[in-house]
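**Student:** Would you be able to build a 3D model of this:
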Amino acid sequence: MKINLQPTNFIDSENSAVINFVKEVIGNSTDPKEQAIKLYYAVRDGFRYDPYHIQFTPKGMKASTVLAQGYGYCVSKAVLLAAAGRAVGIPTRLGFADVKNHLSSEKLKKMMQSDIFSWHGYTEFYLNNKWVKATPAFNKLLCDKASIKPLEFDGMNDSVFHEFDRSGNKHMEYLTEHGYFDDLPFQKIYEAYKKDYPMFTALFEPEAEFNIDGQFEDDASAN
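**Tutor:** All right, here's what the predicted structure looks like:
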């Protein structure tokens, strides 16, 4: 588990801002499961899910950058949660899968020309001698607006996307698992995005950002 405790270029758990964030969140808690739960909810709800504004660069995907921005999408929020876990001494890694997303917006679907999200990211904590999935992507406010159930995390059971929304409609489907990684596999994701979303030219330029006008929370709907 040693490698899953070490800081990396993206999971910069030694960053002072990350350390201060973790200390504030966990307070006096010393139990790893309780700490992981607190960190999960702090990242899930304290950082809005925003696929309208993505800085897919080595700097933009660092945990400390996400912390400073106050928002991210599934991958960058998973990186932040992984850094928080390592900062408190919990072995943590990243997992990825292609998912068919039924929570989107007309703007995003038009831009993507697809409802499949390549390399959706989540976090895994090693707690009580097993790996437990934690998906901090969708904040509660977004879930309430889109009428889907927010994902809960109890430190014992996998927290993965619900198959159906609150009305019983299809919500999320996992298609392809890409496995687990000790650091963000930036180049692999870059190559997948370039293949699957060639129209997102801004994602593939150095220091460029992908932007869509408006707020995803206001436009999102489960369908």
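
**Student:** which one in this protein is furthest away from the centre?
**Tutor:** Distance from the C-alpha centroid of the chain peaks at Asn28, with 26.0 Å (CA atoms, centre = their mean).

**Student:** Assign that one to helix, strand or coil.
**Tutor:** Using DSSP: H, G, I helix; E, B strand; the rest coil, the secondary structure recorded for Asn28 is coil.

**Student:** pLDDT score assigned to it?
**Tutor:** Looking at Asn28, its pLDDT reads 96.

**Student:** And it, how far from Pro91?
**Tutor:** Going from Asn28 to Pro91 by CB to CB, to the nearest Å gives 22 Å. From N, CA and C alone the C-beta is placed, and that goes for glycine too.

**Student:** In this protein, which residue is most central in space?
**Tutor:** Centroid-nearest residue in the chain, with CA atoms, centre = their mean: Cys74, separated by 2.9 Å.

**Student:** what about the closest residue to that residue other than its chain neighbours, how many neighbours?
**Tutor:** Sequence neighbours aside, Ala137 is the residue nearest to Cys74 in space, at 4.0 Å (criterion: CB to CB, 6 or more residues apart in numbering). By other CB atoms under 10 Å, 26 other residues sit near Ala137.

**Student:** Am I right that Ala137 is in contact with Leu80?
**Tutor:** No. Contact criterion CB atoms under 8 Å: Ala137 and Leu80 do not qualify, at 11.1 Å.

**Student:** so where does Thr176 fall, helix or strand?
**Tutor:** Element membership for Thr176, per DSSP states H and E: strand 172-181.

**Student:** low pLDDT regions in the chain?
**Tutor:** Where the chain drops to pLDDT under 70, the residues are 102, 164-165, 167, 170, 202, 206-208, 221-223.

**Student:** Would you map the helices across the protein?
**Tutor:** Counting by DSSP state H, the chain has helices at residues 16-26, 32-46, 63-69, 74-87, 106-112, 140-146, 186-196, 216-219.

**Student:** in the last one, what counts as buried?
**Tutor:** Of the residues in helix 216-219, those scored as buried under the neighbour-count criterion (16 or more other CB atoms under 10 Å) are Phe216, Glu217, Asp219.

**Student:** What of the third one?
**Tutor:** Buried residues in helix 63-69, counting neighbours by 16+ other CB under 10 Å, are found at Ala63, Ser64, Thr65, Val66, Leu67, Gln69.

**Student:** now for it, which elements pack on it?
**Tutor:** Contact analysis of helix 63-69 by 3 or more CB pairs under 8 Å, 6 or more residues apart in numbering; DSSP states H and E lists helix 16-26, helix 74-87 as its packing neighbours.

**Student:** Repeat that for the shortest one.
**Tutor:** For helix 216-219, the helices and strands in contact under the criterion 3+ CB pairs under 8 Å, 6+ apart are strand 48-49, helix 106-112, helix 140-146.

**Student:** measure stretch 52-70 end to end?
**Tutor:** 14 Å (CA to CA, to the nearest Å).

**Student:** So which of the helices of the chain has the densest surroundings on average?
**Tutor:** Most buried of the helices of the chain by mean neighbour count (mean count of other CB atoms under 10 Å) is helix 74-87; its value is a mean of 28.

**Student:** Report the angle between it and helix 32-46.
**Tutor:** If you take axes from the mean of the first three to the mean of the last three CA atoms, to 10 degrees, helix 74-87 sits at 150 degrees to helix 32-46.
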